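In: Output the structure for:
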Amino acid sequence: MTARSLPDFVERDVDLAARTTLALPGRAAYFAELKSTAQLAMLAREPALRTMRRFVIGAGSNLVLTGDFDGLVMKVAIGGRQLVEENDDAWVVRVGAGEDWHQLVMWTLAQGWPGLENLALIPGTVGAAPIQNIGAYGLEMADRLLSLESVDTLTGKPVPLDHAGCRFGYRDSVFKQQGWHLDGQRLITHVSLRLPRRWQARTRYAELAAELERRQLASPSARQIAEAVIAIRRRKLPDPATLPNAGSFFHNPRVSGSLAERLATAHPELPRYPQPDGSVKLAAAWLIERSGWKGRDLGRVGMYERQALVLVNRGGAHGAEVIALARAVQADVSQRFGVELTPEPIFL
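Out: Predicted structure coming up:
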């Protein structure tokens, strides 16, 4: 492919380290920052680009670079947020996929539209949120998403999805189930959220309840809940700008009821959360800490001393070191508790 054949917004040989929060080395053969659906259509008309491997990123906050990528990386930078519908039941907000998630949460609260407060300070972009079905403190993206707009990156054609079409699960969606997030086949351009007028505070999560009690807030507002969530997260999670990380590195595992009972007998203090299907969700951070990994390093990476679930780059690490640490943690947790941990980030 000649340089002349490339659209002017497509760059060659781009460093991805600064575009990911773990700051691992890796370069993209081609890189396109997309600010409009028109640019997506232009990419779809480029035969040489269409035959390449493709990958979509937002803020790079859930990504482990394992080396160079010999294809096209598409960064979603589509902006915009607006109230598109208001009725007796809800406010409906349409948001560009490139918007910062936390800034969106705070903007909706400033408008007087509650509903996203439990998800404050989660890193990443709006477009990445449905893929992972982000969740925290008793709320998930699936609880608020109405619909989304995506594009087939090969054809440039729009592919809208309603809530049912997203096939949400625990940190899961159709984008992960079909592998669309890995092969760059689908790119989310806009997300529509339904924020309820008949809002009810979600404060049952133990850590959040304790923080609200400490603040003497028996009937907190949505903004007060957001402030409590922000305080909790800032105490536990390092700022990627000062200590590179990808947030929570492992899913909280779900195990059978029988295994949960055996673990509860041996470890009564193990946090357990029964699920509607009879399974039980366990606290991955507790399992990791009790396996001796909290604050422990392996080479230039380690599990954070304030939150065992967070893997951090102490400086100059490579993707292979992250993989080695993840496997070591998984092996020790499996040997000690018989529980298998699954990494949350995407490995590229």
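In: in terms of contact, does residue 151 touch residue 40 like I think?
Out: Yes. Counting by C-beta atoms under 8 Å, residue 151 touches residue 40, with 5.2 Å between them. (Each C-beta comes from the backbone N, C-alpha and C, glycine too.)
In: hey, what's in contact with both of the two?
Out: 187, 189 (C-beta atoms under 8 Å, 6 or more residues apart in numbering).
In: Give me the neighbour count for residue 336.
Out: Per other C-beta atoms under 10 Å, the neighbour tally for residue 336 reads 13.
In: Tell me how many other residues surround the nearest residue to residue 132 once chain neighbours are set aside.
Out: Leaving aside its sequence neighbours, residue 132 sits nearest to residue 171 (C-beta to C-beta, 6 or more residues apart in numbering; 5.7 Å). By the measure other C-beta under 10 Å, the count of residues near residue 171 is 18.
In: How about residue 305?
Out: Using other C-beta under 10 Å as the criterion, the residues surrounding residue 305 number 13.
In: Repeat that for residue 103.
Out: Neighbour number of residue 103 under other C-beta under 10 Å is 12.
In: So which elements touch the helix or strand encompassing it?
Out: According to DSSP states H and E, residue 103 maps onto helix 101-110. Counting contacts by 3 or more C-beta pairs under 8 Å, 6 or more residues apart in numbering; DSSP states H and E, helix 101-110 packs against helix 222-236.
In: helices and strands around the helix it packs on, which ones?
Out: Secondary-structure packing of helix 222-236 (3+ C-beta pairs under 8 Å, 6+ apart): helix 101-110, helix 206-214.
In: I would like the residues contacting the longest one, please.
Out: So the one you mean is helix 101-110. Applying C-beta under 8 Å, 6+ apart, the set of residues contacting helix 101-110 from outside is 81, 93, 95, 114-117, 119-126, 128-129, 134, 195, 222-223, 226.
In: Buried ones among these?
Out: 81, 93, 95, 114-117, 119-126, 128-129, 134, 195, 222, 226 (16 or more other C-beta atoms under 10 Å).
In: Each with direction, which strands does the top strand by length along the chain pair with?
Out: The longest strand of the chain (DSSP state E) is strand 186-196. Strands that pair with strand 186-196, judged by DSSP bridges, come out as strand 90-96 (antiparallel), strand 145-152 (antiparallel).
In: would TSV of those with distance to residue 159 and mean pLDDT be doable?
Out: Listed next are the strands paired with strand 186-196 as TSV, based on distance: least, C-beta to C-beta, whole Å; pLDDT from 0 to 100:
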stretch	distance to residue 159	mean pLDDT
strand 90-96	16	98
strand 145-152	5	96
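In: can you tell which of those strands is closest to residue 240?
Out: Using C-beta to C-beta as the measure, strand 90-96 is the one of the strands paired with strand 186-196 that comes nearest residue 240, at 22.3 Å.
In: can you give me the angle the closest one makes with helix 101-110?
Out: Put simply, strand 90-96 runs at 150 degrees to helix 101-110, going by axes from the mean of the first three to the mean of the last three C-alpha atoms, to 10 degrees.
In: ok, residues contacting strand 90-96?
Out: Here strand 90-96 makes contact (C-beta under 8 Å, 6+ apart) with 78-86, 104, 108, 111, 113, 126-127, 146, 189-197.
In: Could you do stretch 335-348 as well?
Out: Stretch 335-348 is contacted by residues 22, 26, 55, 62-66, 69, 132, 171, 181-182, 246-251, 253, 255, 259, 263, 267, 282, 284, 287-288, 290-291, 319, 323, 326, 329-330, 333-334 when judged by C-beta under 8 Å, 6+ apart.
In: again with stretch 265-279
Out: For stretch 265-279, contacts defined as C-beta under 8 Å, 6+ apart pick out 206, 252, 254-257, 260, 263-264, 280-283, 286-287, 290, 337.
In: That one: which residues count as buried?
Out: In stretch 265-279, counting by 16+ other C-beta under 10 Å, buried: 267, 270, 272, 279.
In: Next up, the contacts around the residue nearest to residue 132.
Out: Residue 171 neighbours (C-beta under 8 Å, 6+ apart): 132-135, 251, 344.
In: Just the buried subset of the contacts of stretch 335-348, please.
Out: Judged by 16+ other C-beta under 10 Å, buried ones among the contacts of stretch 335-348: 22, 26, 55, 62-65, 69, 132, 171, 181-182, 246-251, 253, 255, 259, 263, 267, 282, 284, 287-288, 290-291, 319, 326, 329-330, 333.
In: from the chain's centre, how far out does the strand or helix carrying residue 55 sit?
Out: Applying DSSP H and E as the criterion places residue 55 in strand 54-57. In terms of C-alpha atoms, centre = their mean, to the nearest Å, the centre of strand 54-57 is found 15 Å from the chain centre.
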